[in-house]
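Trainee: Predicted coordinates and the sequence they were generated for:
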Amino acid sequence: MLTIAVVAPAGTGLIVMLVNWLLTHWCILIVALALAVFAGASWLYYRKQRAQWEAARAQGLRYGMPQLDALHHTRFEDAVRELMHRDGCQDAQRVGGRGDLGADVKATDPYGRRRVIQCKHRRNGAQGSPVGTPDLQVLNGTARQVHGADIAVIVTNGRVTGPAVTFARQQRLHIVDRQTLAVWASGSRPLWELLRAVPPTRRPTSLS
C-alpha cells in the first residue's frame, strides 16, 4: 500500500508534466502527427501503385525486339505510348509529327512526374545508324523549356554513340537504348525502375 501511495502521485505528476509540455510545444506534436500520417499514406500509395502495375503486367502487353524493329516509325511511337500506358501513365499520348518540337510521346507517370519522350526508330535495329549527340541536343533544347518535362527520355531500337551517352549524362537526359528497351518491352519492369537518377516523386495527381 505504501508503494502505491508513493508511486501513484509520482505517476500523476509525470502525466501532468507531459501534458503541460505538450501544451507548450503543441507544434511539435502536430508535426509528428503529420509525419506519421504522411508516412502511412505514402506506404499505402506505393502498395496501391505496385498492385496496379502488377495488374497491368498481368494483362500481357509485351513486345519482342523483332516485332518493334518491323514497325513503321509512327507505329513505333504508338508502341511506346502503349507501354507508358501499361506502366500506369493514364494520360499517355503520341504527339509526334511535323512541328512536334522534339516530343513524340508525353505522359505523366503514376508518381506525378511529367515525361517527354523522343523516339528514334531504326529499320535495321542495331545495324542501323546510331543515335548521336545532335538528336540529344534537340531533346535537351525543348523537353523542359517547351514541354515542361521532369524527365526527358530518348527511346531507340538501335544504338547510341559514346559522345551522345556522355552528353545525356551531363544534361540529365535519359537514354532507353536497344538493351533497355528489350527489358522494358518484355514487361518485366516498369520504365521508372529502369532509368537511373530520376527526379524524386511528386505528390499523387488526379492522373495517378
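Mentor: Cool, the structure landed.
Trainee: what residue ranges in the protein are flagged as low confidence?
Mentor: Filtered on pLDDT under 70, the chain yields the residue ranges 1-11, 22, 26, 29, 45-60, 99-100, 200-208.
Trainee: where exactly do the strands run in it?
Mentor: 93-94, 105-108, 114-120, 151-156, 174-176 (DSSP state E).
Trainee: Go through these and name the closest to residue 71.
Mentor: For residue 71, the closest of these is strand 114-120, at 10.3 Å, according to C-beta to C-beta. (Glycine included, C-beta is placed from N, CA and C.)
Trainee: How is the chain partitioned into domains?
Mentor: Here the domain parsing of the chain from automatic domain parsing is 2-58, 65-194.
Trainee: Let me know which of these is tucked in deepest.
Mentor: domain 65-194 (a mean of 18; mean count of other C-beta atoms under 10 Å).
Trainee: Now do that domain: distance to the chain's middle.
Mentor: Centre-to-centre, domain 65-194 and its host chain are 14 Å apart (C-alpha atoms, centre = their mean, to the nearest Å).
Trainee: For the protein, just list every one of the helices.
Mentor: Using DSSP state H, the helices of the chain run over residues 2-24, 26-58, 65-69, 73-86, 133-142, 162-170, 178-185, 191-194.
Trainee: With distance to residue 148 added, can I get the ones you listed in CSV?
Mentor: Below are those laid out as CSV (distance: least, C-beta to C-beta, whole Å):
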stretch, distance to residue 148
helix 2-24, 44
helix 26-58, 22
helix 65-69, 28
helix 73-86, 16
helix 133-142, 10
helix 162-170, 19
helix 178-185, 23
helix 191-194, 18
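Trainee: Not counting residues beside it along the chain, what's closest to the residue nearest the centre of the chain?
Mentor: Per C-alpha atoms, centre = their mean, the C-alpha nearest to the average position across the chain is that of residue 192, at 4.2 Å. Spatial nearest neighbour of residue 192, chain neighbours left out: residue 109 (5.8 Å); criterion: C-beta to C-beta, 6 or more residues apart in numbering.
Trainee: Give me the contact list for stretch 157-165.
Mentor: Contacts to stretch 157-165, defined as C-beta atoms under 8 Å, 6 or more residues apart in numbering, come from residues 65, 68-69, 76, 120-122, 124-126, 128-133, 135-136, 175, 177-178, 181.
Trainee: For residue 153, give its distance to residue 182.
Mentor: Counting by C-beta to C-beta, to the nearest Å, the gap from residue 153 to residue 182 is 16 Å.
Trainee: I meant residue 92, not that one.
Mentor: According to C-beta to C-beta, residue 92 and residue 182 sit 20 Å apart.
Trainee: now for the helices of the chain, which one comes closest to residue 101?
Mentor: Going by C-beta to C-beta, the one of the helices of the chain nearest residue 101 is helix 133-142, 4.7 Å.
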